[in-house]
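Asker: sharing a model that was predicted from the sequence below.
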2 protein chains.
Amino acid sequence: MEGNCYSSPVAKRQSRKTGGGCKRSVCPIANVLDLVGDKWTLLIVRDLLFMGKRRYREFVESPEGIPTNILADRLKRLEAGEFVTKAPYQTNPPRYTYSLTPKGADLKSVLLAMIAWSGKHVPGARKPPAKFMKGM
Amino acid sequence: MEGNCYSSPVAKRQSRKTGGGCKRSVCPIANVLDLVGDKWTLLIVRDLLFMGKRRYREFVESPEGIPTNILADRLKRLEAGEFVTKAPYQTNPPRYTYSLTPKGADLKSVLLAMIAWSGKHVPGARKPPAKFMKGM
DNA sequence: CCTGTAACTTGCGAAAGACAAGTCACAGGC
DNA sequence: GCCTGTGACTTGTCTTTCGCAAGTTACAGG
């Protein structure tokens, strides 16, 4: 019998050495957190979804200041998980743009829920300008 | 001028020594991630919100197997951030139950968005049984 | 007194994060 | 032909956090 968040007392531990590919449980919330549950990944999705950013440098320039090794790692994981696709916009030297797949773009509802929560509970949170919220 | 996710090129780095209390930017999404953007915190909120769990031991018994030092740390942070309150249910020895504040309970919409996303994009994800979804 | 249980705390090796600096390929100016 | 600059990363090093086991404290029951 598999452990999941509806059956209590199972505690399967797994080595993190094996990479991020293994699920902690079959709970849908845990599944999402296994994929994007860190401080940086959803900020990249935000940049792609609301800011219209597509290039490495644009992500680096976001105000949170993501370290470049973390950015490279997260882009790789997002690509591996099919949240984003990478397309060359020139071949010499090779340069790429990143864009969301439908799977990645569907995280919009999660981000919108976060924006709503912040609007209600975080004093200094700025609401996104209307130009970034088009098509919602 | 403050950096935020709508004004590009600012990169304020801050030492993590000063604790989790400082915001990376005024972006509402970054604000949420500063508070609950890790692999464990939202699972505790899930347990409180959907599973009806209230005690330390119950959180430990969740299938993901949270380490106890992480659990103690996250409960402290959730309490400090007023996501949960701690109430003694006996004084000798002192034992506590944890419950969500309205601020914490408002994360429900974020969790629901995650459940919906998982239902669509994660093959093995189990939907929560109806009994856990009452009142939505 | 001995065992058990709840709720933590402590210690330690391993992994991840933060930051600076370096690399590689080309483009443009002189 | 050489120098400077830019984009997209990679590498190195140090610090912080994580994951796990084990210990602690306070009481309850036999």
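Answerer: Sure thing, it's come through.

Asker: quick check: A:Leu75 touching A:Tyr96?
Answerer: No - A:Leu75 lies out of contact with A:Tyr96 (CB atoms under 8 Å); the separation is 9.1 Å. Bear in mind the C-beta positions are built from the backbone N, C-alpha and C, glycine included.

Asker: which one's more surrounded, the two?
Answerer: A:Leu75 (19 against 16; other CB atoms under 10 Å in any protein chain shown).

Asker: ok, now how distant is the more buried one from DNA strand C?
Answerer: Distance of A:Leu75 to DNA strand C, given as CB to the nearest atom of the strand, to the nearest Å: 13 Å.

Asker: that residue - nearest residue in space that isn't next to it in sequence?
Answerer: Excluding the flanking residues, the one nearest A:Leu75 by CB to CB, 6 or more residues apart in numbering or on different chains is A:Tyr98, at 6.4 Å.

Asker: residues contacting that neighbour?
Answerer: Counting by CB atoms under 8 Å, 6 or more residues apart in numbering or on different chains, A:Tyr98 touches A:48, A:54-56, A:75, A:78-79, A:84-87.

Asker: how about the strands in chain A?
Answerer: Ranges of strands within chain A are A:84-91, A:94-100, based on DSSP state E.

Asker: adjacent strands (with direction) for the last one?
Answerer: Here strand A:94-100 has these sheet partners by DSSP bridges: strand A:84-91 (antiparallel).

Asker: can you list the buried residues in the partner strand?
Answerer: Residues of strand A:84-91 classed as buried: A:Val84 (neighbour count, 16 or more other CB atoms under 10 Å in any protein chain shown).

Asker: CA atoms only for it - export them in PDB, please.
Answerer: Backbone C-alpha positions of strand A:84-91 (Å, rounded to 0.1, in the frame of the first residue of the first chain) are rendered in PDB as follows:
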ATOM      1  CA  VAL A  84       9.100  25.600 -20.200                       C
ATOM      2  CA  THR A  85      10.600  25.100 -23.600                       C
ATOM      3  CA  LYS A  86      13.800  26.500 -24.900                       C
ATOM      4  CA  ALA A  87      14.000  27.800 -28.500                       C
ATOM      5  CA  PRO A  88      17.100  29.200 -30.200                       C
ATOM      6  CA  TYR A  89      16.500  32.800 -31.500                       C
ATOM      7  CA  GLN A  90      20.000  32.800 -33.100                       C
ATOM      8  CA  THR A  91      22.500  30.100 -33.900                       C
END
